[in-house]
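> Return atomic coordinates for the entry below.
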Amino acid sequence: MGAGIAQLAIEAGLDTVGHELETGRAEAARDRIAHFLTRKVEKGLLGAAARDAALGRLGLTTELAGLADCDVVIEAAGPCTLLDLVGIDVHVHAGEALYEKLREPRMAPPPRLVRMLAARKLGRKSGEGFYRY
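Next comes the predicted model:
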């Protein structure tokens, strides 16, 4: 999920730093982002120069110190905060779609999130999710 958010941020022109606990995982996420941006180029949805510029806005780190100059920091830790930012409804919808296609129980949205969706506790967009805003 973090790689997708980082991709959206760099495509929007934001300097973004992906934070992972291990360098290898951070590099794998960057490679996934580069792959999806290249697919957009191949489909004519994005120019090659725009892809390169977006990737130039993506930094990686295993440390959080000294990141004050960044617009966005994507962390692999703090899932509740990330779910509130993205939206509980988005996560539940994605989980339902994955489960429907793959039929793997681990892909189904957790019951707690389904209950939060039913209660319209969507995160920041509704003023309450895991936290109150």
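
> where exactly do the strands run in the chain?
Along the chain, the segments classed as strands by DSSP state E run 16-19, 58-61, 72-75.

> Pass me the low-pLDDT residue ranges in the protein, would you?
Scanning the chain with the threshold set as pLDDT under 70 gives 1, 64-78.

> Now do the helices in it.
Counting by DSSP state H, residue ranges of the helices within the chain are 2-11, 23-42, 48-56, 79-86, 88-102, 111-118.

> mind checking which of those is nearest Arg132?
In terms of CB to CB, the element of the helices of the chain nearest to Arg132 is helix 79-86, at 9.7 Å. All C-beta atoms are positioned from the backbone trio N, CA, C, and that covers glycine.

> Run through who's touching that closest one.
Contact with helix 79-86 is made by Met1, Gly2, Ile5, Glu75, His91, Leu113, Gly123, Arg124, Gly129, Phe130, Tyr131, Tyr133, as judged by CB atoms under 8 Å, 6 or more residues apart in numbering.
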